[in-house]
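In: What would the 3D arrangement of this be:
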Amino acid sequence: MEENNIVDDCGWKPKVGMPFDSKQAAYDFYNTYGGNVGFSIRKAYANKNKHTKEITSRTFVCYKEGSWGIDKRDPLVKNPRQEVRCGCGARFSIKLGRISRKYIACDFVEHHNHDLVPQDCIHMLPSQRKISTTQAIEVELASESGIPLRSAYELFARESGGRVSLGFTKLDQKNCLRSKRQKDLEYGEAVIFGTALMYDETAESFTWLFQIFLEAMSNKAPKTIFTDQDTAMAKAIPIVMPDTNHRLCTWHLMQNAVKHVSSVFDDVGVKAVFLKFMHDIDDDEEFRIQWDQMLDKYDAFDNHWLEQTFRDYLNCDHNLMEFFMHFERVLYEKRYKELEAEYNLSQKIAEGFNSNFDVKASGRDL
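Out: Here you go, the predicted model:
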């Protein structure tokens, strides 16, 4: 395989004997080298002192090193794992000096057995992608301000001088937000995770919606869900989240009561009647008795709350200038997708590269 031309005496090329103050410094150096040449790196083998647990040696490898075992996941999985490992032997090893207490480069294998990534695609390599703390804050602020992910990503790219200079992909941005929301869920902060515009409010629709919600939350179901008095939701929740407690929101209950049965309790007021049932009665049997007494007192046995109807609409229109700006964005997006396709193609193991190896790596006939 051809590699980029590398000047032997360049300052960013690893050499045996190079000292580093820390493991991270060595990793960063090799990662910079990988970015200049056209490959991604990852941490591999490490040896530790049995007593102090200090790492005494570490090897960094090309991310195409080794081979995947048999993929035991469902063959119909939405995003199957991409097979990129082809047994590449490129590596960089360091060892802790006993006297200097610095990490010294002790092994460097330069050759790769695969094509390297074109310079235009370097920023897509896994080890070259990183969202800084400042960028993560900007991503979160954009989301909280209602800016769609795609528009926010385009804005960040323009501010950085293009996607190549941005340092992360749209997937990284999405994962950053997902991680933040999961932490908010874990620590119990009040946060809006998302919204959905439903075509119909059936149990089947809510079942689908809750499944999508669980997928976004890494299949971590909430302990309790508070909802409005919606029978379709009540049917869907135990189907998707059988261990989640379903409770009615007292605020919604009171608002609905004020809207729909105020005329029944004109003399005393809705809140005076309902507050007792919401906060003062704990025993189920006592609740039923007093509820029936209330219905009898106010002759409300045949009263039904009317359903509310919501109507939302979205109106989008572009003038001539906006149209051409939008067209430029679409054109840029198309060209960038072509670049992504070129990158993804370069990561796939070439057909016929090594038939025996391919079968072992994939665990199935090719």
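In: Now P238. Nearest residue, chain neighbours left out?
Out: H246 (7.2 Å; C-beta to C-beta, 6 or more residues apart in numbering). The C-beta positions use only the backbone N, C-alpha and C, and glycine is treated the same way.
In: Test of understanding: give the bridge partners of that neighbour.
Out: Beta-bridge partners recorded for H246 (DSSP bridges): I225.
In: That one: neighbour count?
Out: When neighbours are defined as other C-beta atoms under 10 Å, H246 has 14 of them.
In: tell me the pLDDT at it?
Out: Here, the pLDDT recorded for H246 equals 85.
In: From W291, how far off is it?
Out: Distance of H246 to W291, computed by C-beta to C-beta, to the nearest Å: 20 Å.
In: Now do the same contact list for the residue nearest to P238.
Out: Counting by C-beta atoms under 8 Å, 6 or more residues apart in numbering, H246 touches T224, I225, T227, A234, I237, P238.
In: repeat that with 10 Å
Out: By C-beta atoms under 10 Å, 6 or more residues apart in numbering, H246 lies in contact with T224, I225, F226, T227, M233, A234, A236, I237, P238.
In: What helix or strand is the last one located in?
Out: Translated: P238. P238 is located in helix 231-240, with elements delineated by DSSP states H and E.
In: Return the closest of the contacts of H246 with respect to S40.
Out: The shortest approach to S40 among these belongs to I225, at 41.2 Å (C-beta to C-beta).
In: thought that closest one was touching M233?
Out: Yes - counting by C-beta atoms under 10 Å, I225 touches M233, with 8.3 Å between them.
In: Looking at those two, which one has more neighbours?
Out: Taking other C-beta under 10 Å, I225 and M233 do not tie; M233 has more neighbours (19 against 16).
In: roughly how far apart are the more buried one and A196?
Out: Noted for M233: a distance of 12 Å to A196, by C-beta to C-beta.
In: With K130 instead?
Out: Look at K130 and A196: by C-beta to C-beta, they are 32 Å apart.
In: What are the buried residues along the host helix or strand of Q24?
Out: Here Q24 is covered by helix 23-37, with elements defined by DSSP H and E. Judged by neighbour count using 16 or more other C-beta atoms under 10 Å, the buried positions of helix 23-37 are K23, A26, Y27, F29, Y30, N31, Y33, G34, G35, V37.
In: List just the nearest of the residues you listed to M124.
Out: Each of those was checked against M124 using C-beta to C-beta; the closest is G35, at 11.1 Å.
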